[in-house]
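Trainee: Curious how this folds, go ahead:
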Amino acid sequence: MEFDKIYVSHWDKIYRLCMGYVNDPDQAKDLTQETFITVWEKLSTFRNESSIGTWIYRIATNTCLSQIKKRDKVDKAIEIDNMDLPEPPDMDDEIKLLYQFISELPELDRIIISLELEEIKQNEISKIVGLSDSNIRVKIHRIKEKLTLKFKNHGK
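Mentor: Residues are numbered from 1 along each chain as shown. A predicted model of the protein is given here:
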């Protein structure tokens, strides 16, 4: 598989997933970059047991969870040589508010709803996070209820 094609086709999705974790465009770009460094380093170990997208989402999830655990430690800068990062997509105020509300959710809920928003199939989400399909359906329903309540409380 060619890294450049993987990078271009998945960058926006991984960026949005990272935004769901950190609700900070600069941090989300850093996490996305770190994810693709790992993808670059581990691409030769990809065994096609799942789709490449599922594999990359799993790497991104682990990257975001690791970052959250290290949040109080010194950040280290990582750069990909000879590669320009795309600009994050413009977001309207409601989308920014959604990311803010998502970032206030517990870790597991953030990853599940971020993957759901990326239209990842629920059976793929269950593989990524290691929960049963039925548990994922219930969690997604409850997360959507929480987010709806947050919007109502915010006057939206």
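
Trainee: Mind listing residues that contact stretch 94-110?
Mentor: For stretch 94-110, contacts defined as CB atoms under 8 Å, 6 or more residues apart in numbering pick out 19-23, 65, 68, 91, 113-114, 129, 139, 143, 146-147, 150-151, 154, 156. Any C-beta I mention is one placed from the backbone N, CA and C, and that applies to glycine too.

Trainee: Restricted to buried residues, select the residues you listed in ChimeraX.
Mentor: To isolate the buried subset of the contacts of stretch 94-110 in ChimeraX, counting by 16 or more other CB atoms under 10 Å, use the following:
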select :19,20,21,22,23,113,114,129,139,143,146,147,150
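
Trainee: Which members of the contacts of stretch 94-110 are positioned in helices?
Mentor: The helices, defined by DSSP state H, take in 19-22, 65, 68, 113-114, 129, 139, 143, 146-147, 150-151 from the contacts of stretch 94-110.

Trainee: nearest to residue 43, of those?
Mentor: Proximity of the ones in helices among the contacts of stretch 94-110 to residue 43 (CB to CB) peaks at residue 65, which lies at 21.0 Å.

Trainee: Ramachandran coordinates for the residue nearest the centre of the chain?
Mentor: Central residue of the chain (CA atoms, centre = their mean): residue 17, 2.2 Å from the mean position. Dihedral angles of residue 17 (phi, psi; degrees, to the nearest 10) stand at phi -60, psi -50.
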